[in-house]
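Asker: sequence plus the predicted model coming up.
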Amino acid sequence: QVQLVESGGGLVQAGGSLRLSCAFSGGTFNDYSMAWFRQAPGKERDVVAVIKKSGSRTYYTDSVKGRFTISRDNAKNTVYLEMNSLKPDDTAVYYCAADHAPTWVPLRTSRDAYDYWGQGTQVTVSS
């Protein structure tokens, strides 16, 4: 059974940076596209960034383009989210997710497409 464990969340001032990590176990990491979602209080869980199995393609939601970077280390079975120039609007619980889609399937941004989820890590950005 695939398990995802996030780490790296915390409290940071606006303009600061955080790096989230998600450790994957219980399956073949290279078989999965990986994504970060986030959910703020009272809001839907929305996609933040997605990365293909090989790392060759990525997707970012508009609000984080130029500030966040998703990456993966297939040797360490880990996906990362580097977050810079953080804003109070980035405050949310951040979730890692894994999509066991065939290689030919484009990057997917709907949470319904994802097979496995982590427990989430809180990111709080103070103004």
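Answerer: Sure, I can see it. Numbers count the residues shown, from 1 in each chain.
Asker: report the secondary structure state of the residue most central in space within the chain.
Answerer: The chain has residue 36 as the residue nearest its centroid, 1.8 Å off, counting by Cα atoms, centre = their mean. The local conformation at residue 36, judged by DSSP: H, G, I helix; E, B strand; the rest coil, is strand.
Asker: do the same with residue 42
Answerer: When the rule is three-state DSSP, residue 42 gets the label coil.
Asker: per-residue confidence for it?
Answerer: pLDDT recorded at residue 42 is 95.
Asker: kindly report the same for residue 85.
Answerer: Residue 85 is given a pLDDT of 98.
Asker: next: the one 10 residues further on.
Answerer: Looking at residue 95, its pLDDT stands at 98.
Asker: on the C-terminal side of the host helix or strand of it, identify the next helix or strand.
Answerer: For residue 95, the element it lies in under DSSP states H and E is strand 92-99. Using DSSP H and E, the next helix or strand after strand 92-99 towards the C-terminus is strand 116-117.
Asker: partner strands of that following strand, with direction?
Answerer: strand 92-99 (antiparallel) (DSSP bridges).
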